[in-house]
Each structure stands twice: as structure tokens, then as C-alpha cells.
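Asks: next comes the sequence, and after it the predicted model I'd like to discuss.
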Amino acid sequence: MAGEAERRHEIHRALNAWFARQARELPWRGAPGEVEPWFVLVSEFMLQQTQVERVLPRFLEWVERWPHPSALAADAPGEAVRAWGRLGYPRRALWLHRAATEIAQDHGDIVPRDIETLLGLTGVGPYTARAVTAFAYGERHPVVDTNTRRVIARLVHGLAAAGPPRTGDLDDMAELLPERPEDARVFNAAAMELGAVVCTARAPRCGACPLAQWCEWRGAGYPDNAPARRPTQAAFAGSDRQVRGRIMALLRGATEPVPRSAAIAAAAEGGVRDEAQPVRALDSLVADGLLIEVDGDYRLP
DNA sequence: AACGCGGGGGT
DNA sequence: ACCCCAGCGTT
């Protein structure tokens, strides 16, 4: 119906205008041709579960040191892990190094452009594949991350929050996407930005929202109707993940292999939940390929 | 479908 | 203290 099409048009005009006015300047943003696809890929790996502010300095170091995939592939994977710093989930660094190797060897050192090929790269899933094709190459595809899912839940479905990921999320975004590829690219980025800085999970700033007048959730009076969330993640304090993190912090700072006893001691620093935790953490890091054991000592791969 | 995986920032 | 985060591969 014409009314619905007009509403979508007004929404995309308002959101893209807001983005042009308010968006943060980020080095991985820019029109296709202005930004290296490799830079987009690096940023997307780093941004998987890690906020923009923390990614920024590591990103700048990475792209200066490794300006294309083959440069990273030529270095040891452990150097990628070391340069990852405290971004968290260091296996992402391993995956990015592996993806760089795949791009260098199988794709002529060019980041693939189509979703299917991108999905074949290590560490590239449905979100990252679409983000790269849309932001690096300007292809008109819906890009839906956790921010966009929340924006759509509120704006379109009148819900306080997004539920578990659904395949319908992409369809919802496709419905809203402007026709012109360049408008669509900006709209994808703008929806994510809006969710990150205005339509936030905890305390949305609806007074600053360019879409407030079309928001179904707001129109309904902000009902407390959030769908059931997945069970909350176990506490970080005392977790195996925290203990693994202590070991990795030691190894990132070490230029020589570290004795097993030193790794175990670092793991236990600040307390452990049970006696077996340090050994369990160390063994799991080796199993994940984040550490290598040589003659009883440990080092980055 | 559920789980494990870092670490820091916001409330 | 608890929730949240530009997700992914494995089971």
C-alpha cells in the first residue's frame, strides 16, 4: 500500500539525515572505494562482541602493521594474538590470521565480495559476511547486528527488546532498506549506530531519536513486553574464561617460552574456583591452538 | 538449540 | 551486582 511505502521512505530519510549529521567518524567507515575492504574485515572481526571505543586503537595498529591480508599471513599467528591485546576472545585473532591466509592463498589477496565466498572464510559468519559485502563493496543487502535487531524490535514490532535471533530479522531489515544501494549502505550503518548510541538496551534516549515519531514501542507507551532472553551468561569472576585470560595476558607479554609452573601460577593469581582450574584452563588454551607446548614450556603459536 | 568463549563499560 | 556488547564455531 502507498501509505506504508511512504512511511518507510520517511524513516530512511530521517535516519540517514541523522547519520550524516551525528555519526561518529570511524576509520573503517566510508564509501566503497574510500575504504579498504581488508580494513572493513579487520574491524568486523574486532567488533564481534567488543565495543567501538575499545577496538579503535587496536584497529589502527593492525592496519598500519598489516595493510593487506598477505602481510598478516606472512607473520606468525601468535603475533596476531599478541597484537590483539585485551580485546577479548583471542581466538578471533587466530581466525582473522587464518582468514587472511585463505584470502592470500585462494583469492589473490583480495577480500571476497560475495556472501557465499565470504562465508567460506574462517571466523566469518552470517553477520560479518553481510557487513563486508555491504560496507566494503556497497552491495545492497540487509545487515543486521544486535543493535539493529533492537531498533527493529522497537520501531516495527513495538517490543521493548529483541528476542533470540530469527531468520525473520533479515526480512524485516530488507523491508526497510532504501532502493538506492548507496542509501541502503548508509541505512545499514545508521541503524547500527542508532542502536549503539540512542536506542540502547538499558536507557534509550528517545528524546534524541530521529525515528521517535514512527516508533511502535513508544506509541504503545513503552510496554514491558520484552521476549524471553537466553539464560544470562555465567558470572565472569571466577570463571574459566577469566583464568584463561590471566594465562594469555602473561603469554602476550612474554618474549621467551614460559615454564608450565609460571603459567599455572599466573592462572591462580587472584584466586581460583577449584584446584583443577589452572590446569584445565592451560590445557584448553593448547587445545584451542592459542598456546603451543614445547619441552614443558608454553609460547604463542 | 544450547554452549563456551574475554574483558570492559554502563546502570 | 548485573547487563550488555558490530558473533562465531562446536556439540
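Replies: Thanks, I have it. Numbers count the residues shown, from 1 in each chain, chains lettered A, B, ... in the order given.
Asks: pull up the gap between the residue nearest the centre of chain A and DNA strand B, please.
Replies: The residue lying closest to the centre of chain A (CA atoms, centre = their mean) is residue A:48, at 2.0 Å. Distance of residue A:48 to DNA strand B, given as CB to the nearest atom of the strand, to the nearest Å: 8 Å. All C-beta atoms are positioned from the backbone trio N, CA, C, and that covers glycine.
Asks: check residue A:93 too.
Replies: 9 Å.
Asks: one more: residue A:77?
Replies: 14 Å.
Asks: isn't the residue nearest to the centre of chain A up against residue A:131?
Replies: No: proximity of residue A:48 to residue A:131 does not meet the contact threshold set by CB atoms under 8 Å, at 10.0 Å.
Asks: now residue A:59: which helix or strand?
Replies: Assigned by DSSP states H and E, residue A:59 falls within helix A:52-65.
Asks: quick check: chain neighbours aside, which residue is closest to residue A:26?
Replies: The shortest distance from residue A:26 to any residue other than its chain neighbours is 6.8 Å, reached at residue A:52 (CB to CB, 6 or more residues apart in numbering).
Asks: next: residue A:293.
Replies: Counting by CB to CB, 6+ apart, residue A:293 lies nearest to residue A:286, which is 5.7 Å off, once chain neighbours are set aside.
Asks: quick one: contacts for the one you found?
Replies: Each residue near residue A:286 by CB atoms under 8 Å, 6 or more residues apart in numbering is listed here: A:292, A:293, A:298.
Asks: quick check on these: which are buried?
Replies: Buried members of the contacts of residue A:286, counted by 16 or more other CB atoms under 10 Å: A:292, A:298.
Asks: hang on, the earlier thing: with just CA atoms, put the next helix or strand after the helix holding residue A:59 into PDB.
Replies: Later in the chain than helix A:52-65, the nearest helix or strand by DSSP H and E is helix A:69-73. Output of helix A:69-73 as PDB, limited to C-alpha atoms (Å, rounded to 0.1, in the frame of the first residue of the first chain):
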ATOM      1  CA  PRO A  69      45.900  -9.900   4.100                       C
ATOM      2  CA  SER A  70      49.200 -11.300   2.800                       C
ATOM      3  CA  ALA A  71      51.100  -9.100   5.200                       C
ATOM      4  CA  LEU A  72      49.300 -10.700   8.200                       C
ATOM      5  CA  ALA A  73      49.500 -14.200   6.700                       C
END
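Asks: quick one: average confidence on helix A:69-73?
Replies: For helix A:69-73, mean pLDDT is 98.
Asks: helices and strands around the longest helix along chain A, which ones?
Replies: Longest helix in chain A, counting residues (DSSP state H): helix A:2-22. Here helix A:2-22 touches helix A:168-176, helix A:181-197, going by 3 or more CB pairs under 8 Å, 6 or more residues apart in numbering; DSSP states H and E.
Asks: can you put the ones you listed in CSV and add distance to residue A:221, mean neighbour count and mean pLDDT?
Replies: Putting these into CSV (distance: least, CB to CB, whole Å; neighbours: other CB atoms under 10 Å; pLDDT from 0 to 100) gives the following:
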stretch, distance to residue A:221, mean neighbour count, mean pLDDT
helix A:168-176, 22, 16, 95
helix A:181-197, 21, 22, 98
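Asks: of these, which is nearest DNA strand B?
Replies: DNA strand B lies closest to helix A:181-197 among these, at 10.3 Å (CB to the nearest atom of the strand).
Asks: what does the helix or strand that that closest one is followed by contact?
Replies: Going down the chain from helix A:181-197, the next helix or strand is helix A:216-219, by DSSP H and E. Contacts to helix A:216-219, defined as CB under 8 Å, 6+ apart, come from residues A:153, A:154, A:155, A:156, A:157, A:158, A:159, A:160, A:206, A:212, A:223.
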